[in-house]
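**Student:** Test case, fold it:
(chains A and B)
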Amino acid sequence: MNQGSVNLGASAEAIQHHYDVGNEFYQLWLDSSCTYSCALWEGNDTLEQAQTRKLDYHIFQSRAERAGRVLDVGCGWGSLLKRLVQAHGVGQAVGLTLSEKQAKHIIGFNEPRITVRLESWQDHLPEQAYDAIISVGAFEHFAQSDLPEAKKVDAYRQFFKRCHDWLKPGGFISLQSIAYENSGREDLPEFISKTIFPESDLPRLAEIAKASERLFEIVLVRNERNQYEKTIREWRQRLIQHREEAVRLVGEETVARYDKYLQLSLIGFHIGTTGLLRITLRRVTDPRGAFPSGTRI
Amino acid sequence: MGGQGSKVSQRAPMPNTRPVRGKEEIEKWISCVLMDLLGLKAEEVNPRTPFDRYGLDSSAAIGITDALGTWMGRTLSPTLFYDYPTIEAVALYLTEEDSHTAAGRLGSAPSEPRLERGNLQGA
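**Tutor:** This is a model prediction of the structure:
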């Protein structure tokens, strides 16, 4: 039951095309928590440690520790939800995903403090306000590839408006997303935009800033593509190591496709065509002029 | 120059022996592949011309790097052609890496290119 807004992001089918290839397949090459986003590497971290460090980073940045209710937009296979309730004393963690297999996997945790909903943020109607919102590796799907610039910023602004509605005063968002750096939509290989991640366009930092203006204050930005390069090298090494098993699970064509996509992504982060943003945003208590006069917030 | 036999005997024992390729051999291999792939004539391929001048895109670079790795019997980083952006630079890097391995020196794994340029610094 959405509020009349058109979906400007990837459809459920487009999301499932990538993320529902098979949980077992992903488990072969992602870390043991199945966290499918850029890790946060320090020192001699293993991939597992770097992923945990990333989760903790977002939990800390969003002030979610020991919070009552936290929302995870694009919750993947639930590693953040788990970390919130099991390591940081969060009362209720709600995750949104459009992937049926991911939702099923999370339900299988049988963790009463975790709720997963198979729905887009556009359709989400929370029962109560959230103390914190985290979104890691989902923003890349919030705008379709063929949107004109203004509509794209509009799509992002819708997201920030909803987050503003849902958050308690003083609440924070911690956001992580791949972004265009020394490139634009025209540079994205068709192989990626048609075959791997259909209906998804990357944001630019400037678009995120524009879209969140006067709804949120951007208090911190980290842009660290070398971290994603390192993460992907790890994933690819694991995929190659388990190639036979991967082929048995999903077939040669799919494995070759994923290997190519990992390599192309790795190059992008290596040479700077894409970046990796980690952004902390603080909710503006009384947005001035953000809404037409007379609009109730 | 010593033949392949003497080079192999100087190496530290390795789980898989792999062919030793000289600089010129590597340059010739890459040149042939580029000619085939991009429909170029021999005189259009120069070991010092940057790869992007040939219109080599990232998909093609990945394909060539993968085939090069197979031919050399080693795993190569997909970023190889970006860190060593000419035929000559790739050949030099690969032959230097091989001689380092032969001398038993420790360092970055063969698949990790040495980032000697400053343009890849980031947070």
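**Student:** who's in contact with the nearest residue to residue A:90 once chain neighbours are set aside?
**Tutor:** Once flanking residues are discounted, residue A:90 sits nearest to residue A:84: 4.1 Å by C-beta to C-beta, 6 or more residues apart in numbering or on different chains. For the C-beta atoms, the positions are set from N, CA and C on the backbone; glycine is no exception. By C-beta atoms under 8 Å, 6 or more residues apart in numbering or on different chains, the residues touching residue A:84 are A:59, A:64, A:70, A:72, A:90, A:93.
**Student:** how does it look with 10 Å?
**Tutor:** By C-beta atoms under 10 Å, 6 or more residues apart in numbering or on different chains, the contact set of residue A:84 is A:55, A:58-59, A:62, A:64-67, A:70, A:72, A:78, A:90-95, A:113-114, A:132, A:134.
**Student:** cool, and residue B:66?
**Tutor:** Counting by C-beta under 10 Å, 6+ apart, residue B:66 has contacts A:259, A:260, A:263, B:75, B:76, B:78.
**Student:** what helix or strand is the residue lying closest to the fifth one once chain neighbours are set aside on?
**Tutor:** What sits nearest to residue B:76 in space, not counting adjacent residues and going by C-beta to C-beta, 6+ apart, is residue B:69, at 4.0 Å. Under the assignment given by DSSP states H and E, the secondary-structure element containing residue B:69 is helix B:58-72.
**Student:** Kindly provide the whole-number mean pLDDT of that helix.
**Tutor:** What helix B:58-72 shows for mean pLDDT is 95.
**Student:** so the residue nearest to residue B:76 sits right up against residue B:77, yeah?
**Tutor:** Yes. The criterion here is C-beta atoms under 10 Å, and residue B:69 meets it with residue B:77 at 9.2 Å.
**Student:** More neighbours: these two, which one.
**Tutor:** residue B:77 (22 against 18; other C-beta atoms under 10 Å in any protein chain shown).
**Student:** separation between that one and chain A?
**Tutor:** Counting by C-beta to the nearest C-beta, to the nearest Å, the separation of residue B:77 from chain A is 8 Å.
**Student:** Mind jotting down where the strands sit in chain B?
**Tutor:** Per DSSP state E, chain B has no strands. Nothing in it meets that criterion.
**Student:** low-scoring stretches of it, by residue?
**Tutor:** B:1-16, B:102-123 (pLDDT under 70).
**Student:** Name the surrounding residues that touch stretch A:217-224.
**Tutor:** A:38, A:40-41, A:57, A:61, A:172-176, A:179, A:181, A:205, A:208-209, A:212, A:230, A:269, A:275-284, B:122-123.
**Student:** So in that sheet, which strands flank the helix or strand residue A:171 falls within, and in what orientation?
**Tutor:** Under the criterion of DSSP H and E, residue A:171 resides in strand A:167-180. Partners of strand A:167-180 in the sheet, by DSSP bridges, are strand A:130-136 (parallel), strand A:274-283 (antiparallel).
**Student:** Quickly compare the ones you listed and say which is most buried.
**Tutor:** Among those, ranked by average contacts under mean count of other C-beta atoms under 10 Å in any protein chain shown, first place goes to strand A:130-136 (a mean of 25).
**Student:** can you tell me how far the residue nearest to residue B:76 sits from residue B:101?
**Tutor:** Counting by C-beta to C-beta, to the nearest Å, the separation of residue B:69 from residue B:101 is 15 Å.
**Student:** Kindly report the same for residue A:280.
**Tutor:** 45 Å.
**Student:** Can you tell me which of the contacts of residue B:66 end up in helices?
**Tutor:** A:259, A:260, A:263 (DSSP state H).
**Student:** which of those come close to chain B?
**Tutor:** A:259, A:260, A:263 (C-beta under 10 Å from any C-beta of the partner chain).
**Student:** Dump these into TSV; add distance to residue A:28 and pLDDT as well.
**Tutor:** What follows is these, written out as TSV (distance: C-beta to C-beta, whole Å; pLDDT from 0 to 100):
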residue	distance to residue A:28	pLDDT
A:259	12	96
A:260	17	95
A:263	17	97
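**Student:** Quick one: these as JSON lines, columns for distance to residue A:118 and neighbour count too.
**Tutor:** Listed next are those as JSON lines, based on distance: C-beta to C-beta, whole Å; neighbours: other C-beta atoms under 10 Å in any protein chain shown:
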{"residue": "A:259", "distance to residue A:118": "29", "neighbour count": "19"}
{"residue": "A:260", "distance to residue A:118": "30", "neighbour count": "21"}
{"residue": "A:263", "distance to residue A:118": "32", "neighbour count": "22"}
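**Student:** and which of those is nearest chain B?
**Tutor:** residue A:263 (4.1 Å; C-beta to the nearest C-beta).
**Student:** Please list all residues in contact with that closest one.
**Tutor:** Applying C-beta under 10 Å, 6+ apart, the residues near residue A:263 are A:232, A:236, B:58, B:59, B:61, B:62, B:63, B:65, B:66, B:77, B:78, B:79.
**Student:** got it, and residue A:234?
**Tutor:** Residue A:234 touches A:29, A:30, A:31, A:39, A:41, A:46, A:47, A:48, A:50, A:51, counting by C-beta under 10 Å, 6+ apart.
**Student:** The same query, at a cut-off of 8 Å, please.
**Tutor:** A:31, A:39, A:47.
**Student:** from those residues, which is closest to residue A:143?
**Tutor:** Distance to residue A:143, by C-beta to C-beta, is smallest for residue A:39 among these, at 24.8 Å.
**Student:** Now do the phi/psi pair for the closest residue to residue A:12 other than its chain neighbours.
**Tutor:** Among residues not flanking residue A:12 along the chain, residue A:98 sits closest, at 4.4 Å (C-beta to C-beta, 6+ apart). For residue A:98, the backbone dihedrals are phi -100, psi 0 (criterion: degrees, to the nearest 10).
**Student:** How about residue A:280: what's its closest non-neighbour residue?
**Tutor:** Distance criterion C-beta to C-beta, 6+ apart; nearest residue to residue A:280, sequence neighbours excluded, is residue A:220 at 4.1 Å.
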